[in-house]
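Undergrad: 3D model of this:
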Amino acid sequence: MADNKTKESPLGLHRVVKRPRPVKSCLECRRRKLKCDRILPCTQCQKSQRSCRYAADGETGSGSEASDAEAPDRVSKRSCVSPSNDSNHRDVPSQHQTHSSVGLLEDYGVRIERLERMVLEKGTPRTETSSGQHSQRPVASAFTMRGLTVKGGSRTRFFGPSSARVLVNLFDEAKEFMFSQGDSSDILQQFLITQKIHKAMQSEYRKAIAPISVFVDSMTPIQKRMADVLPSKAVCDNLIKFYMSGSEKTLYRVLHIPSFMSQYNRFSEGNQQHEYFLPQLLSVLCIGYRFIDGSKGHLPNERDGIHVPTACALVRAWLASLRGKQLVEFSTLQTEVLALMARRMLNSQNHETWQHLGLLVRMAMTMGLHRDPSEFPRDIQPFWAEQRRKLWTTILELDIHMSMQCNLPSCIREGDFTCRPPSNLNDDELYPNMIELLPSKSIEVDTDSRIQVFAANTLKTRFKAVDVINRIDALQDYQQILDIGTELEQVLEEIRYVTPQKHLSNTNDAQRQWMTKVILDMNCRRPLLALYRPFALSSVDAPQQIMTGYLKSCMILLTYLEEVDVLRPDCAQVWQGNTFMHSLVLRRDIMHASFGICYYMKQIQSSAINNILGVGSPESTYGRNSVEASCTVASKSSILLSLPRLRASVGKVIDTMVRRISEIGTDLKDLVSLTIVFYTYQGETHEPKKEVKQALQRIVDAGLQTVHISQEDISSTTTRSPATQMQMNYQAESSFMVNSEAFMLAMDTNLLDDFGIWDVEFWNPYITNQTAQ
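TA: Okay, the predicted model is just below:
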């Protein structure tokens with residue numbers, strides 16, 4: 001019995017000794033005795049904004065507190081076998097075997113710990129920052145990346161880093177000025193008047209978006225009602241021309257132009273067409289009207305327009321009436337895309353469009369558009385195969401664009417589809433009964449599909465960018481961001497060679513050349529800006545490539561119009577058309593880029609002041625000063641990015657928005673925010689409040705002209721309390737009336753949408769004063 005116990009004693013000792021475990025919790029969580037989720041940085045450190053670090057080899061605390069850091073000492077105590085009647089010669093080998101086993105376990109523990117550390121370092125390589133220091137993981141401030149409004153306790157709305165509401169958080173002094181109403185009764189009065197102008201524009205907008213009930217609620221057949229709202233043929237001809245040049249021959253290919261025009265001509269002659277033709281025609285007319293810049297002469301009779309809200313409502317009613325096999329017809333999907341584009345062009349509720357686009361994507365996938373037609377060679381003719389590729393590419397473009405506008409994931413990801421890009425051919429080279437598709441032309445050759453074909457070949461890179469943008473919190477280093485950014489910058493360089501600047505005598509050709517280059521450039525610059533923005537505007541260790549690339553892209557976006565040839569005899573006409581297209585297509589992007597440039601101006605001037613006062617060395621200090629140094633280096637990298645040029649570019653943007661309030665309904669809240677931010681940090685004078693006051697007065701004057709009321713009259717009107725405002729109904733139909741200049745005023749406004757989802761305390765005197773009390 002004694003011998004058996006002696007033989008089992010080493011095994012018993014092995015069970016008693018604890019295996020030394022490698023440290024898995026970060027040093028900060030161990031010190032504070034918190035539960036660590038063992039990622040880098042961990043959730044606890046992110047919440048408390050502490051530096052998250054794990055113990056390295058040879059560093060104090062390399063063993064967990066619950067493990068056996070002093071395993072040899074403990075084992076020596078436990079290895080003392082109780083005295084027994086056996087001879088002592090059994091104790092010697094027993095103790096020797098125990099120490100050998102413990103040493104072996106220790107060795108295994110160290111090896112496992114080292115292996116885990118190597119795997120961790122391989123997955124999270126350190127990145128050299130602009131200041132020469134290293135960061136294990138890119139960290140962007142959540143305060144400047146996302147926001148959530150909560151109204152009534154349950155109604156919420158998410159905002160991403162491209163929202164003006166979130167970008168304002170970058171500017172503490174300007175934000176304090178907004179909340180305090182400038183600490184001046186004069187500025188307080190300007191805020192009050194601006195709010196009343198905003199409400200007056202809302203009132204005009206609500207009147208304009210209501211469809212005509214006699215058409216929408218009528219019991220007359222839907223085809224008859226759609227035919228009744230059509231304008232004259234002369235107006236239709238012009239609107240179709242604007243649609244073809246402004247939409248169909250760019251990124252968003254939906255129709256086969258010869259087939260559609262053939263149907264339109266037969267319809268004009270009184271011949272009956274397919275039931276899907278009228279819904280498609282109404283959608284085309286609604287989109288085409290959006291490309292008219294409001295000046296006289298485009299339509300035979302400016303009063304003889306199309307009632308867009310009614311047209312959109314009728315098209316939606318027709319689509320809702322379809323059943324069974326009609327839902328999987330290719331013409332139905334075309335109409336759905338056109339209706340979505342008409343609604344998006346006339347309404348800025350991007351979140352609603354993003355939701356509806358998800359249904360449209362799934363509709364297309366159930367019809368098999370995500371698979372290339374070559375996978376079904378016997379079933380799909382070459383003509384229809386090419387039409388399917390064009391329509392699917394259009395859906396992909398809409399998905400990427402709306403994802404970035406809403407800062408939400410895209411419905412489609414890389415690898416979800418196999419459909420190839422369309423061929424670079426003109427539509428008149430395609431016909432329904434063709435046996436074989438012609439070879440695709442070189443990308444340098446301008447065709448109806450050229451813009452879409454070039455953009456389609458960049459989809460893979462842009463989808464990667466959108467995916468990274470929506471999982472920034474999970475990134476382990478900057479390398480993936482830098483790799484994708486480099487790919488996008490290479491594509492932007494290729495655009496310069498694909499679309500060389502040529503002197504064209506024809507005005508339409510010159511405008512199309514400019515539009516082609518701008519659309520292709522902006523199509524890749526949008527994801528690049530969205531990729532760099534969270535780190536360029538909030539991270540303290542962003543690589544210089546990100547800091548310089550973001551500022552450069554912002555400036556290029558604001559200076560597209562400078563590429564217009566000023567020596568042309570018809571320069572004024574080309575400039576007017578390009579200015580409208582620039583403001584129409586890029587309005588939100590211009591606003592975001594302007595905020596970004598203001599951030600750089602703020603950091604550059606702060607760095608200059610610190611250098612004058614002798615406060616630290618920006619090049620050697622990690623943190624705020626490193627951001628200032630990176631912004632300064634970015635500005636000095638090119639004369640085009642100099643501080644005076646930054647000021648001039650944003651100043652032009654604000655002046656243009658103020659002038660065009662009456663034409664495109666610039667969002668008053670965004671404009672007020674940008675104006676206060678710019679004049680607070682532009683640094684040309686020592687009296688920023690005075691500059692802000694003068695700039696706000698220019699906005700007030702332009703707004704009063706828009707609503708056709710004097711400052712005295714609007715000052716005498718009453719303003720609703722916040723409780724009354726919350727009870728207002730902001731669920732109006734997203735459509736628009738455009739048969740007069742009054743409706744053109746608010747076509748591009750998103751005041752109704754934003755007022756219902758954006759907290760406006762910073763310029764609402766009632767809410768501010770109540771908070772102060």
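Undergrad: alpha carbons only for contacts and neighbour counts from here, please
TA: Will do.
Undergrad: Please identify the helix or strand for Arg157.
TA: Using DSSP states H and E, Arg157 sits within strand 155-159.
Undergrad: okay, that strand in CSV with CA atoms only?
TA: Extracted C-alpha coordinates of strand 155-159, given in CSV (Å, rounded to 0.1, in the frame of the first residue of the first chain):
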residue,chain,number,x,y,z
ARG,A,155,-37.3,58.3,-32.6
THR,A,156,-33.7,58.1,-33.5
ARG,A,157,-31.5,58.8,-36.5
PHE,A,158,-27.9,57.8,-37.2
PHE,A,159,-25.3,60.2,-38.6
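Undergrad: How far does the next helix-or-strand element following it sit from its chain's centre?
TA: Per DSSP H and E, the first helix or strand lying C-terminal to strand 155-159 is helix 164-167. Remark: helix 164-167 is offset 12 Å from the chain centroid, using CA atoms, centre = their mean, to the nearest Å.
Undergrad: what about the strands in the protein?
TA: All strands of the chain, identified by DSSP state E, fall at 127-128, 134-135, 147-151, 155-159.
Undergrad: Could you tell me how far Ser630 is located from Val214?
TA: Distance of Ser630 to Val214, given as CA to CA, to the nearest Å: 61 Å.
Undergrad: of those two, who's got more company?
TA: Per other CA atoms under 10 Å, whichever of Ser630 and Val214 has more neighbours is Ser630, with 30 against 11.
Undergrad: ok, that one to Arg31 distance?
TA: The gap separating Ser630 from Arg31 is 34 Å, by CA to CA.
Undergrad: what stretches of the stretch 201-350 of the chain score poorly on pLDDT?
TA: Applying pLDDT under 70 to the stretch 201-350 of the chain picks out residues 293-304, 345-349.
Undergrad: Which residue ranges of it form helices?
TA: Ranges of helices in the stretch 201-350 of the chain, per DSSP state H, counting those that start in this stretch, are 213-216, 222-228, 233-243, 257-268, 277-290, 308-320, 330-346, 350-366.
Undergrad: residues near Arg225, how many?
TA: 18.
Undergrad: Over to Thr461?
TA: 18.
Undergrad: Distance of it relative to Leu488?
TA: Between Thr461 and Leu488 the computed distance is 7 Å (CA to CA).
Undergrad: and what of Ser607?
TA: 30 Å.
Undergrad: quick one: which of the two has more around it?
TA: When Ser607 and Leu488 are compared for neighbours, Ser607 comes out ahead with 25 against 21, by other CA under 10 Å.
Undergrad: Looks like that one contacts Ala629 (just checking).
TA: Yes. Shown here, Ser607 and Ala629 form a contact pair, counting by CA atoms under 8 Å, at 6.8 Å.
Undergrad: residues in contact with Ala530?
TA: Going by CA atoms under 8 Å, 6 or more residues apart in numbering, Ala530 touches 162, 404, 469.
Undergrad: what's around Arg290, how many residues?
TA: 21.
Undergrad: whoops, I mixed them up, Leu359
TA: Leu359 is flanked by 12 other residues according to other CA under 10 Å.
Undergrad: ok, now how distant is it from Gln280?
TA: Separation of Leu359 from Gln280 (CA to CA) stands at 19 Å.
Undergrad: Ok, Ser449 next?
TA: With distances taken as CA to CA, Ser449 is found 20 Å from Gln280.
Undergrad: Then Leu170?
TA: Taking CA to CA, one finds Leu170 at 45 Å from Gln280.
Undergrad: what do you get for Ser649?
TA: 40 Å.
Undergrad: Comparing those two, which shows the higher neighbour count?
TA: The neighbour comparison of Ser649 against Gln280 (other CA under 10 Å) goes to Gln280, with 21 against 16.
Undergrad: what sits against the more buried one?
TA: Gln280 neighbours (CA under 8 Å, 6+ apart): 334-335, 338-339.
Undergrad: Narrow the residues you listed to those that are buried.
TA: Buried members of the contacts of Gln280, scored by 16 or more other CA atoms under 10 Å, are 334-335, 338-339.
Undergrad: Which of those residues sits closest to Glu436?
TA: Nearest to Glu436 among those is Gln334, at 23.7 Å by CA to CA.
Undergrad: My understanding was that that closest one contacts Val254; is that so?
TA: Yes. Counting by CA under 8 Å, Gln334 touches Val254, with 6.2 Å between them.
Undergrad: any residues in contact with both of these two?
TA: With CA under 8 Å, 6+ apart as the test, Gln334 and Val254 both reach Leu391.
Undergrad: Buried ones in stretch 27-43, by neighbour count?
TA: Buried residues in stretch 27-43 (16+ other CA under 10 Å): 27-30, 36, 40-43.
Undergrad: same question but for stretch 540-560, I mixed them up
TA: 540-558, 560.
Undergrad: CA atoms only for that stretch, dumped as CSV, please.
TA: C-alpha atoms of stretch 540-560 as CSV (Å, rounded to 0.1, in the frame of the first residue of the first chain):
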residue,chain,number,x,y,z
VAL,A,540,-3.5,61.8,-33.7
ASP,A,541,-1.3,59.3,-35.5
ALA,A,542,-2.6,59.2,-39.1
PRO,A,543,0.1,58.6,-41.7
GLN,A,544,1.1,61.6,-43.7
GLN,A,545,-0.3,60.0,-46.9
ILE,A,546,-3.7,60.2,-45.4
MET,A,547,-3.3,63.8,-44.1
THR,A,548,-2.0,65.1,-47.4
GLY,A,549,-4.3,63.0,-49.6
TYR,A,550,-7.4,64.1,-47.9
LEU,A,551,-6.6,67.8,-48.1
LYS,A,552,-5.6,67.5,-51.8
SER,A,553,-8.8,65.7,-52.6
CYS,A,554,-10.9,68.3,-50.8
MET,A,555,-9.2,71.1,-52.8
ILE,A,556,-9.6,69.3,-56.1
LEU,A,557,-13.3,68.9,-55.4
LEU,A,558,-13.8,72.6,-54.8
THR,A,559,-11.8,73.7,-57.9
TYR,A,560,-13.4,71.6,-60.6
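Undergrad: Relative to Leu239, how far out is Asn271?
TA: Applying CA to CA, the value for Asn271 to Leu239 is 21 Å.
Undergrad: One more: Val707?
TA: Relative to Leu239, Val707 is positioned 28 Å away (CA to CA).
Undergrad: who's more crowded, these two?
TA: Neighbour count, other CA under 10 Å: between Val707 and Leu239, Leu239 has more, with 24 against 17.
Undergrad: I'd say the more buried one and Leu282 touch.
TA: No. Here Leu239 does not reach Leu282: they are 10.3 Å apart, not a contact under CA under 8 Å.
Undergrad: If we ignore the residues flanking it in sequence, what's nearest Cys52?
TA: Ranked by CA to CA, 6 or more residues apart in numbering and with sequence neighbours excluded, the top spatial neighbour of Cys52 is Pro41, at 5.2 Å.
Undergrad: Also Gln603?
TA: Nearest non-adjacent residue to Gln603, counting by CA to CA, 6+ apart: Glu628, 4.8 Å away.
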